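Novice: structure for the following, please:
(2 chains)
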There are 2 protein chains.
Amino acid sequence: MKFCSNCGTAVDLRVPPGDTLPRHVCPACGSIHYLNPKMVVGALPEWEGRILLCRRAIEPRHGYWTLPAGFMENCETTAQAAARETLEEACARIEIGELYTLFDIPHISQVHIIYRARLLDVDFGPGEESLEVALFDEADIPWGDIAFRSVEQTLKHYYEDRRRGRWQFHVGTIPPPSGHSSPR
Amino acid sequence: MKFCSNCGTAVDLRVPPGDTLPRHVCPACGSIHYLNPKMVVGALPEWEGRILLCRRAIEPRHGYWTLPAGFMENCETTAQAAARETLEEACARIEIGELYTLFDIPHISQVHIIYRARLLDVDFGPGEESLEVALFDEADIPWGDIAFRSVEQTLKHYYEDRRRGRWQFHVGTIPPPSGHSSPR
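Specialist: Now for the predicted structure:
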């Protein structure tokens, strides 16, 4: 952030009175601009024991496989976000189930959450952000070509929980890749 | 948002190519400015069956009681955010437990999450944003003076789960107050 989104003046970076962290502060109108983590919300759509994955047509991770997921929009719920992303990326309709995983990813200031979901029919196909969409049995999951670690870990939890016959909510943290230097 | 935070030019509100919603788009540098929900993260600190509450010294809901909670910062985890807010608002140190509740509040584009936590000692007191901090038995909870519905519902779940002797993760949606008109 370089300019005040309220009045267009160049912002300063300083600690406001009573605060503990540097913020982008407008010297003209006094606006304080906070930066907060973003939520990425997705679904794990099941159909007769198989899982729906999308191959990404966009960066990051073009060509890799993911669960349908994306940035949550204002004025929607997490469940609505998961259903919307599934419709956009896989042209698929789902019934949302339990909230299944939550991953903190502090080095990119994101929180990823994934709902279990039931695919309502097999009338699906690639949306604008997908190259292809397909249902996978466990043996066919392209483990070496999964786009994001939150998706990979969600799939691993899914198959472990299914084997144990006990479903639970999982919380985890995704550390930076080795060699990563923090943006601050 | 009225001005581009990247170059200071007045932004337009229009649907970018391939998108489905109007965004703030800069006609000069082409930046697209997305608005996303914010996460509010807090803790439910326990001490020998009692719960730590803070009476708010700031708006909104000045003078009302809340669990320690606040906006998550970039580059931290949800558990770190809960511990930091507890330290800031109640000068209290906690051990974070299970993620306990998640509330969608779409009419204000927020997601609230609360962790169960164990107070490490009773050396606590009001931080800058609190008028007072105290431990409450169930019979003394000021139900009529709780600041936020997500906090009230978290406390209700806590006492219900405790009575049943079975703890579970709860997900819910807080609807707009009656008479509320949506910002979009």
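Novice: what about the residue in chain A sticking out farthest from the centre, which SS state?
Specialist: Each residue of chain A has a distance to the centre, and by CA atoms, centre = their mean the biggest one is for A:A28: 36.3 Å. Of the three states, A:A28 takes coil under DSSP: H, G, I helix; E, B strand; the rest coil.
Novice: got it, and A:E95?
Specialist: strand.
Novice: kindly report the same for A:I113.
Specialist: Going by three-state DSSP: A:I113 is strand.
Novice: ok, what's across the strand from it?
Specialist: Judged by DSSP bridges, the bridge partners of A:I113 are A:V41, A:L102.
Novice: which ones are touching the residue farthest from the centre of chain A?
Specialist: Counting by CB atoms under 8 Å, 6 or more residues apart in numbering or on different chains, A:A28 makes contact with A:C4, A:C7, A:T9. Using the backbone N, CA and C atoms, a C-beta is placed for each residue, glycine as well.
Novice: could you give me the ChimeraX syntax to select whichever of these are buried?
Specialist: Of those, the buried ones can be selected in ChimeraX as follows, counting by 16 or more other CB atoms under 10 Å in any protein chain shown:
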select /A:4
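Novice: what's the local residue count around A:I58?
Specialist: 13 (other CB atoms under 10 Å in any protein chain shown).
Novice: ditto for the one 3 residues further on
Specialist: Around A:R61 sit 15 other residues, with neighbours defined as other CB under 10 Å.
Novice: ok, it touching A:F148?
Specialist: Yes: using CB atoms under 8 Å, A:R61 is in contact with A:F148, at 6.8 Å.
Novice: return every residue with contacts to both of the two.
Specialist: What both A:R61 and A:F148 touch, as defined by CB under 8 Å, 6+ apart, is an empty set.
Novice: could you pull up phi and psi at the residue farthest from the centre of chain A?
Specialist: Here the main-chain torsion angles of A:A28 (degrees, to the nearest 10) amount to phi -90, psi -60.
Novice: longest helix in chain A, by number of residues?
Specialist: In chain A, taking DSSP state H as the definition, the longest helix is helix A:149-164.
Novice: check contacts around A:A92.
Specialist: So A:A92 contacts A:P45, A:L52, A:P68, A:T86, A:L119, A:L120, A:D123, A:F124, A:V133 (CB under 8 Å, 6+ apart).
Novice: tell me the contacts of the residue nearest to the spatial centre of chain A?
Specialist: Nearest residue to the geometric centre of chain A (CA atoms, centre = their mean): A:V40, 2.8 Å. Taking CB under 8 Å, 6+ apart, we find A:V40 in contact with A:A69, A:G70, A:F71, A:M72, A:Q110, A:V111, A:H112, A:I113, A:S150.
Novice: can you tell me which of the contacts of A:A92 are buried?
Specialist: A:P45, A:L52, A:P68, A:T86, A:L119, A:F124, A:V133.
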